[in-house]
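Q: return a 3D structure for these sequence lines:
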Amino acid sequence: MLLTTPLTDEDVEKLNIGEIIYLTGIIFTARDKAHERALRLKKFPADLRGGVVFHAGPIVKKEKGKWKIIAIGPTTSSRMNSLEPEFIDRFRIGGIIGKGGMNEDVIKSMRKNKAVYLSMTGGCASSTSRMIKEIKKVYWLNLGIPEAVWILEVEKFGPLIVAIDTEGNSLYENVNKRVDENLKSLLDNYRVGNQP
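A: Now for the predicted structure:
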């Protein structure tokens, strides 16, 4: 499924965990330092309502006076667990792209504000850069290149897996439950097989 940013409530409400989507439009990078600064200042350098935040620290270089993404891949999202609920509440984003999922406090905020978590495979940073049409702008470069806010125009950006939906359903939680069930079954079978 192809969606265009900014995302509407209707866009995200129809998404279910496990679906694969692609994005076209504008996305924003923001890692720890950008989250911290935005919350401290109570503002972000661009309008984020319905926007998609990419947990990423790109490798960029300047060519003929213009920035160019060399590689960009997802950062482990749990680094932002303590910051993300307030960030979502304040800026009303429509989605997050990252890897590894986020905690229950973030999921509650996503449910309340109609946002989704989109999982991207790590290790594809050079191929991902080819889906970026243009760097529209960069803010807060004094945080360092990986931590700055990069505003990116993307086309058919993905594949992205809906890993947490607006109902709070989580692929990560489902996998953890299956692992726990399998582990319990293995332990139960081991105990039965090893009784005197």
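
Q: looking only at residue counts, what's the top strand in this protein?
A: In the chain, assigned by DSSP state E, the strand with the most residues is strand 149-164.

Q: CA atoms only: put that one into PDB for me.
A: Backbone C-alpha positions of strand 149-164 (Å, rounded to 0.1, in the frame of the first residue of the first chain) are rendered in PDB as follows:
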ATOM      1  CA  VAL A 149      16.700  17.200  11.900                       C
ATOM      2  CA  TRP A 150      16.800  16.300   8.200                       C
ATOM      3  CA  ILE A 151      13.600  17.100   6.200                       C
ATOM      4  CA  LEU A 152      13.500  14.600   3.400                       C
ATOM      5  CA  GLU A 153      11.400  14.200   0.300                       C
ATOM      6  CA  VAL A 154      10.900  10.500  -0.300                       C
ATOM      7  CA  GLU A 155       9.300   8.400  -3.000                       C
ATOM      8  CA  LYS A 156       8.000   4.900  -2.500                       C
ATOM      9  CA  PHE A 157      10.000   4.700   0.700                       C
ATOM     10  CA  GLY A 158      10.000   1.200   2.100                       C
ATOM     11  CA  PRO A 159       9.100  -1.500   2.500                       C
ATOM     12  CA  LEU A 160       7.800  -0.600   6.000                       C
ATOM     13  CA  ILE A 161       6.000  -3.100   8.200                       C
ATOM     14  CA  VAL A 162       3.100  -1.900  10.400                       C
ATOM     15  CA  ALA A 163       4.500  -3.200  13.600                       C
ATOM     16  CA  ILE A 164       2.300  -1.200  16.100                       C
END
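
Q: helices and strands around that strand, which ones?
A: Counting by 3 or more CB pairs under 8 Å, 6 or more residues apart in numbering; DSSP states H and E, the packing neighbours recorded for strand 149-164 are strand 20-29, strand 66-71, strand 116-119, strand 132-139, helix 171-193. (Glycine included, C-beta is placed from N, CA and C.)

Q: what residues sit buried inside it?
A: Within strand 149-164, the residues that count as buried by 16 or more other CB atoms under 10 Å are 149-152, 154, 157-158, 160-164.

Q: pLDDT-wise, what's the bottom of those residues?
A: Lowest in pLDDT among these is residue 158, which has 90.

Q: so it touches residue 21, yeah?
A: Yes - checked against CB atoms under 8 Å, the pair residue 158 and residue 21 is within contact range at 6.2 Å.

Q: and stretch 82-102, what's its mean pLDDT?
A: 95.
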